[in-house]
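Novice: Give me a 3D structure for the following:
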Amino acid sequence: MRIVLTLGAGLFLSGCAVGPMYKTPEINLSDRYSLIAPVSEASARDLHWWTDFNDSTLNALVHQGMQGNLDVAEARERVREAEANVRRDGVALTGNGEIEATGNSRGGESTQVSVTGSFGLGGRTQWAERAARERLEAAELGVGEARRLLLSSLGTAYIDMRFLQRTLETRQQDLQSRRRTLRDLNKQLDAGAATKLDVLRARALVAETQAEIPAVTADIIQQRNRISTLLGIPVGELGIDLGYKGSQPAPRGVSNMGVPADLLRARPDIRIAERRYAAAVSDVGVAEASRYPSLSLSGLITAPLNSGSWNESFVAGLSVPVFSQPSLAASVDAAESRAHQAYLVWRRTVLVAVEQVETALADLRASNQAVQASREVVQLNQRSLDLTRRLLVESGDTTVLDLIDRERSVSNARATLAANMRELANAYIALRVALGVGHEEIAEVVSRDAVMNAGEVIIE
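Specialist: Numbering: from 1, shown residues only. So this is what the prediction gives:
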């Protein structure tokens, strides 16, 4: 009966767990982004933003990447590990059991069964299990974060590949145009209307263009290989046609993006940092509970194998960490410091997220303006080139240097337009990723804040 009472008292005391109570951290954010007005919740189109490019190849790559990316697979395995840690840390009573058989020369044989167990009275197990569950939530959110980063890397690699393919196309167009110029000059040289120096300049321009093509081709292959790796597929076994379709991807338009506070709900990295902060607060509870006594139980049963009576004995006691209190107190201080560090990581994650959104908004607006201006520059330079070529052939009112200069201007204008198209697409991707939308099948975790907000906050 005394043992039962002792065990009951221990269970009662363990229910009065010591330690801090967690409160969701807060940070002041403006109610709108500086470059765009606030809007309602994200639509289905916003959540699947890559479809704004109207590119079936990109859609196929995203779908396959969500299934095969190795970082996503690794994040899923971390969830399994975290689930196992919850089961491990949720075990309240720990101990061992032993069975021993003895014999002597007189033929007496007996069996002893001993059991020992320990039960912490400061709520250490509850705090450890709570910390493990919070880390499990962080691991579940990590799957969504891995998908978010995949969308960023895959989208950027695809946009860069299309830019390089467009660059290769324009270089080939430049090569054709410059070869045409060289042919015209050779005819004029035969007719005495051009000089050998003019022809040499034209030939140098052709050779210069030919020299640029191999490097661009190699860069295209590099981006294709990058895409295969992101999809978790060996190079050469992708199975998706990445051939150039004649145009660079461009988003159909920029929809409303929301407000900074939406980041706290949408971005997995912010939610992960918040869950890790919660786990660090629970670790403070583990450290404080370790300073309290633990209930120890032991029992011994001796039974003869032949005949005789059984002997039973049970012992219950308290183990008090008297001399280790200074080191345990230092452990509490260290745990509190780690909790403060986790809180600062959460704040930094929020601030970086807002910075990324604001920067992407500015880049998107600037890139959109640059693309519109670049289109006009290409048209004007192309018209100037056509006019210069006609004047050179028909009337000689212009020089070969003017023609070569116009050739270079058209080439540079096309390159600038292609680069601005790439910047526009990448800025759009950066904005969507920064807003934390689009990571499909993100694991939804149940918030335990309502249960844990009942007391005062010890760590802020």
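
Novice: how about the strands of the stretch 201-350 of the chain, start to end?
Specialist: Ranges of strands in the stretch 201-350 of the chain, per DSSP state E, counting those that start in this stretch, are 294-304, 311-319.

Novice: wait, which of the ones you listed is closest to Gln379?
Specialist: Counting by Cβ to Cβ, Gln379 lies closest to strand 294-304 out of those; the figure is 81.5 Å. (Each C-beta comes from the backbone N, C-alpha and C, glycine too.)

Novice: Tell me which residues touch Glu77, please.
Specialist: If you count contacts by Cβ atoms under 8 Å, 6 or more residues apart in numbering, Glu77 has none.

Novice: again, only using 10 Å
Specialist: Ala139 (Cβ atoms under 10 Å, 6 or more residues apart in numbering).

Novice: Tell me the spacing between it and Asp174.
Specialist: 50 Å (Cβ to Cβ, to the nearest Å).

Novice: what does Leu401 give?
Specialist: Leu401 is 17 Å from Asp174, where distance means Cβ to Cβ.

Novice: So these two - more neighbours on which side?
Specialist: Remark: of Leu401 and Asp174, Asp174 carries more neighbours, 23 against 11, as counted by other Cβ atoms under 10 Å.

Novice: hang on, the more buried one packs against Ala413?
Specialist: No. Using Cβ atoms under 10 Å, Asp174 makes no contact with Ala413, being 11.1 Å away.

Novice: okay, and the common contacts of those two?
Specialist: Common contacts of Asp174 and Ala413 (Cβ under 10 Å, 6+ apart): none found.

Novice: Out of the strands of the stretch 201-350 of the chain, flag the one nearest Val377.
Specialist: Closest of the strands of the stretch 201-350 of the chain to Val377 is strand 294-304, at 77.5 Å (criterion: Cβ to Cβ).

Novice: average pLDDT for that closest one?
Specialist: Regarding strand 294-304, the rounded mean pLDDT is 72.

Novice: How about stretch 51-58?
Specialist: 91.

Novice: Stretch 252-264 now?
Specialist: 61.

Novice: likewise stretch 148-159?
Specialist: Regarding stretch 148-159, the rounded mean pLDDT is 94.

Novice: Tell me how far Tyr428 lies from Gln223.
Specialist: The gap separating Tyr428 from Gln223 is 18 Å, by Cβ to Cβ.

Novice: Which of those two has more residues huddled nearby?
Specialist: Using other Cβ under 10 Å, the more surrounded residue of Tyr428 and Gln223 is Tyr428, with 27 against 20.

Novice: And what about the more buried one, helix, strand or coil?
Specialist: Assigned by DSSP: H, G, I helix; E, B strand; the rest coil, the conformation of Tyr428 is helix.

Novice: how about it, what does it touch?
Specialist: 49-50, 52-53, 155, 159, 249-254, 360, 363-364, 367-368 are the contacts of Tyr428 under Cβ under 10 Å, 6+ apart.

Novice: Of those residues, keep whichever come out buried.
Specialist: Those of the contacts of Tyr428 that meet the buried threshold are 49-50, 52-53, 155, 159, 249-251, 254, 360, 363-364, 367-368, by 16 or more other Cβ atoms under 10 Å.

Novice: wait, is Thr111 part of a helix?
Specialist: No. With three-state DSSP as the criterion, Thr111 is strand rather than part of a helix.

Novice: Give the burial count for it, as a bare number.
Specialist: Neighbours of Thr111 under the rule other Cβ under 10 Å: 13.

Novice: I'd like the distance between the residue lying closest to Phe314 once chain neighbours are set aside and Glu312.
Specialist: With sequence-adjacent residues excluded and distances taken as Cβ to Cβ, 6 or more residues apart in numbering, Phe314 is closest to Gly299, at 4.5 Å. Distance of Gly299 to Glu312, given as Cβ to Cβ: 7 Å.

Novice: Overlap of the contact sets of those two?
Specialist: Residues touching both Gly299 and Glu312 (Cβ under 10 Å, 6+ apart) are Val113.

Novice: out of these two, which sits in the busier spot?
Specialist: Comparing Gly299 with Glu312 by other Cβ under 10 Å, the one with more neighbours is Gly299, at 16 against 10.

Novice: For Leu197, give me the pLDDT.
Specialist: Value for Leu197, per-residue pLDDT: 88.

Novice: So what does it have for phi and psi?
Specialist: phi -60, psi -40 (degrees, to the nearest 10).

Novice: Then Met21?
Specialist: In terms of degrees, to the nearest 10, the main-chain angles of Met21 are phi -110, psi 140.

Novice: I'd say it and Gly285 touch.
Specialist: Yes. Counting by Cβ under 10 Å, Gly285 is a contact partner of Met21 at 9.0 Å.

Novice: Comparing these two, which shows the higher neighbour count?
Specialist: Each of Met21 and Gly285 has its neighbours counted (other Cβ under 10 Å); Gly285 has more, 26 against 15.

Novice: so where's the stretch 251-400 of the chain uncertain?
Specialist: By pLDDT under 70, the low-scoring segments of the stretch 251-400 of the chain are 253-265, 303-309, 396.
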